[in-house]
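> only geometry, no sequence info:
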């Protein structure tokens with residue numbers, strides 16, 4: 001009987017070690033959300049004139065994004081760079097912890113739209 005009780009107490013402690021932090025996370029984040037304290041983005045959209053039409057090349061798009069971020073004194077995003085297809089067109093996306101960058105083509109092949117989202 002004492003072996004079953006020891007096993008039961010150990011199982012209870014192990015479950016409590018995982019469930020209590022999760023429950024506290026839900027309580028704290030739920031309270032913050034209820035009080036209106038939420039994260040968000042500050043979005044800036046810029047139309048960039050290009051010397052050549054936009055290319056489906058990650059290196060070229062990354063260099064253009066870095067050049068524009070440096071021009072605006074913003075740190076380069078810490079995340080992963082991706083090229084995503086959207087119908088017949090494509091866009092370049094670079095997401096990170098504090099900055100998201102999206103570079104996409106417009107109806108004019110010599111103009112690109114740069115969208116910079118900063119967390120606040």
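Sure, I can see it. Remember, it's a predicted structure, so these values are computed and weren't measured experimentally. Residues are numbered from 1 along each chain as shown.

> Could you confirm residue 23 falls within a helix?
Yes. Assessed with DSSP: H, G, I helix; E, B strand; the rest coil, residue 23 lies in a helix.

> so how far is residue 26 from residue 34?
12 Å (Cβ to Cβ, to the nearest Å). Any C-beta I mention is one placed from the backbone N, CA and C, and that applies to glycine too.

> Now do the same contact list for residue 38.
Residue 38 sits next to residue 32 when contact means Cβ atoms under 8 Å, 6 or more residues apart in numbering.

> To clarify, my last question referred to residue 118.
Contact analysis of residue 118 by Cβ under 8 Å, 6+ apart lists 41, 42, 44, 74, 98, 99.

> So what are the sheet partners of the helix or strand of the chain with the lowest mean pLDDT and their directions?
Lowest on mean pLDDT, DSSP states H and E among the helices and strands of the chain sits strand 89-95, with a mean of 74. The pairing partners recorded for strand 89-95 under DSSP bridges are strand 81-86 (antiparallel), strand 99-105 (antiparallel).

> Now the shortest one: average pLDDT?
Averaging pLDDT along strand 81-86 yields 77.
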